[in-house]
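Undergrad: quick one: sequence and predicted model below, then my questions.
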Amino acid sequence: MTDHQKVWKAIYELAKLNNLTLSGLAKKAGMDKTSFNKSKQFYKTGQPRWPSVETINKILHATKMNWNDFCNLLK
């Protein structure tokens with residue numbers, strides 16, 4: 001099973017591979033530029049906030065990558 005930290009690390013890597021900041025990745029995917037801020041990776045209670053499948057799909061579409069590519073980043 002993939003853990004929360006690996007998913008967020010894969011999102012960072014996806015941005016880096018596309019020469020984007022996290023806010024640049026979010027904007028390119030048509031999302032609010034603060035979507036990937038560290039403060040949004042956890043709820044106020046401290047519980048991890050996982051990105052939705054829809055969010056991951058948006059960033060994959062925006063970067064012309066597929067789910068297989070993203071899964072390779074989870075390692």
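TA: That came through, no problem. Residues are numbered from 1 along each chain as shown.
Undergrad: only C-alpha atoms for contact and neighbour calcs from this point on.
TA: Noted.
Undergrad: for Phe70, give me its contacts.
TA: If you count contacts by Cα atoms under 8 Å, 6 or more residues apart in numbering, Phe70 has them with 10, 14, 60.
Undergrad: so how far is Thr45 from Leu22?
TA: Using Cα to Cα, to the nearest Å, Leu22 is found at 24 Å from Thr45.
Undergrad: neighbour count: those two, which is higher?
TA: Leu22 (20 against 6; other Cα atoms under 10 Å).
Undergrad: could you check the pLDDT of that one?
TA: Per-residue confidence (pLDDT) for Leu22: 96.
Undergrad: ok, Thr63 next?
TA: We have a pLDDT of 97 for Thr63.
Undergrad: I'd say it and Lys16 touch.
TA: No - assessed by Cα atoms under 8 Å, Thr63 is found out of contact with Lys16, at 11.0 Å.
Undergrad: helices along this structure, start to end?
TA: Here the chain has its helices, by DSSP state H, at 4-17, 22-28, 53-63, 67-73.
Undergrad: adding distance to Phe36, write those out as a markdown table.
TA: Listed next are the helices of the chain as a markdown table, based on distance: least, Cα to Cα, whole Å:
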| stretch | distance to Phe36 |
| --- | --- |
| helix 4-17 | 9 |
| helix 22-28 | 6 |
| helix 53-63 | 10 |
| helix 67-73 | 16 |
